[in-house]
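J.: Got a predicted structure here, sequence first:
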Amino acid sequence: MAYEKEKEIAIAAVQAAATVCEKVRAEMVPEAIEKSDKSPVTVADFGAQAIVCKMIKDAFPNDPIVGEEDADDLKTPEMASRLAQVTNYVKVVLPDATDEQIPGWIDQGNGDVSPRYWTLDPIDGTKGFLRGDQYAVALAMVEDGDIKVGVLGCPALKLGDRSGILFVAIRGGGAMMMNMDGSNPEKISVTSSSDIPNFRFVESVAHGDQDLHARIAQAAGITTDSIRMDSQAKYGAVASGNAVLYLRLPSAKYPNYREKIWDHAAGVLVIEEAGGKVTDMHGKTLDFSKEPRFVDTQGVIVSNGEIHDKVLAALAN
Ligand SMILES: Nc1ncnc2c1ncn2[C@@H]1O[C@H](COP(=O)(O)O)[C@@H](O)[C@H]1OP(=O)(O)O
Ligand SMILES: [Mg+2]
Ligand SMILES: [Mg+2]
Ligand SMILES: [Mg+2]
């Protein structure tokens, strides 16, 4: 199948990063370091980005990576002990790593959107990670604006008998979910709107306009309360048929917020390959060919496909 090597490396990189994130969460109370935009970053975010960038660059040296984090905050002398912590955790999966190498590995994620590139969110849902809730390691490869490979590691996600779920999609090859170690793979697809127990919607714990989400979901016929969940695990919930809709509409507090590509690329492919649909709130396709932020679209609507037009119609009213 196409993109076999990309798929194999992407899975290995996400598994390695997720192993380290889980170890950080088990062994320490990860401290949130505040970034210039006031959002949090932790030792695990830095470690996960270092690992994934190193593994992707070893396999595909010419592919740029557009990642969320950069190492500037780790390079100052005051941060030496923090850097040492990052290195120690990276060593769990890459035993030869040194303090000198780590910032360079992280900064390999400072690439540009290009004809072919990878995009990485080393921890999507850092707030969920800190709270002990959901987070995801999200990695995707994009060619000519089209997402070809998407891997979403959700170590804390429980669905049915599974605990810790890896979602993998290849364009044209369908979407799968499996245990974090790759065992027990299963093809997934979105569920129909007549599947009453799963006819429900997911939304962020923290972001988006939750009052508007409730009104729009109701207009689409959903009468139950939402499930609130951090990270792109929400895409996994819809792709595996555990919900029919994920709403992410700009809140009045941040009307000009522009979504970032690494917060969506892997999830979008998983949904599309599971038979679902993703657009912005006006029905426009998300554009992965231009910038790290979506400049021409606002909000994100993820559905089983069947109810998509109804949701867009409700939003247009
Ligand atoms: N005002 C906002 N609206 C939508 N998403 C946001 C907003 N502020 C931050 N984010 C992003 O939402 C993601 C988490 O989403 P969720 O709440 O669904 O888990 C994070 O990647 C975060 O980006 P950042 O990493 O820059 O903080
Ligand atoms: Mg994110
Ligand atoms: Mg992140
Ligand atoms: Mg962040």
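T.: Cool, got the structure. Ligands and ions are numbered 1, 2, ... in the order given.
J.: Determine the longest helix present in the chain.
T.: helix 4-27 (DSSP state H).
J.: ok, the next helix-or-strand element following it: who's next to it in the sheet?
T.: In the C-terminal direction, the helix or strand that comes right after helix 4-27 (DSSP states H and E) is strand 33-34. When pairing is defined by DSSP bridges, strand 33-34 lines up against strand 40-41 (antiparallel).
J.: what does the strand it pairs with contact?
T.: 32-35, 69, 73, 126-127, 130 (Cβ atoms under 8 Å, 6 or more residues apart in numbering). Placement of C-beta: from N, CA and C, glycine included.
J.: Flag every buried residue along the first helix or strand past that strand going along the chain.
T.: Next in sequence after strand 40-41, counting helices and strands by DSSP H and E, comes helix 43-59. Neighbour-count burial for helix 43-59 flags 43-57 (criterion: 16 or more other Cβ atoms under 10 Å).
J.: Tell me how the chain divides into domains.
T.: Dividing the chain into domains by automatic domain parsing, as the record does, gives the ranges 4-188, 196-316.
J.: Isn't Asp287 up against Asp280?
T.: No: counting by Cβ atoms under 8 Å, Asp287 stays clear of Asp280, with 9.4 Å between them.
J.: okay, and the common contacts of the two?
T.: Contact criterion Cβ under 8 Å, 6+ apart; residues bridging Asp287 and Asp280 by contacting each: 294, 297.
J.: Compare these two and say which is more crowded by neighbours.
T.: In this comparison of Asp287 against Asp280, neighbours counted by other Cβ atoms under 10 Å, the higher total goes to Asp280 at 21 against 15.
J.: what number of residues lie near the nearest residue to that one once chain neighbours are set aside?
T.: Across the structure, with Cβ to Cβ, 6 or more residues apart in numbering as the measure, the residue nearest Asp280 apart from its sequence neighbours is Thr297 (3.5 Å). Neighbour count of Thr297, defined by other Cβ under 10 Å: 18.
J.: Let me know the secondary structure of Thr297.
T.: Assigned by DSSP: H, G, I helix; E, B strand; the rest coil, the conformation of Thr297 is coil.
J.: ok, it - contacts?
T.: Contact criterion Cβ under 8 Å, 6+ apart gives 259, 279-280, 282, 284-287 as the residues in contact with Thr297.
J.: Could you tell me how far Gln156 is located from Val190?
T.: Just to correct that, residue 156 is Ala rather than Gln. As judged by Cβ to Cβ, to the nearest Å, Ala156 and Val190 stand 22 Å apart.
J.: which one of those two has more residues nearby?
T.: Relative neighbour count places Val190 above the other of Ala156 and Val190, with 26 against 22, counting by other Cβ under 10 Å.
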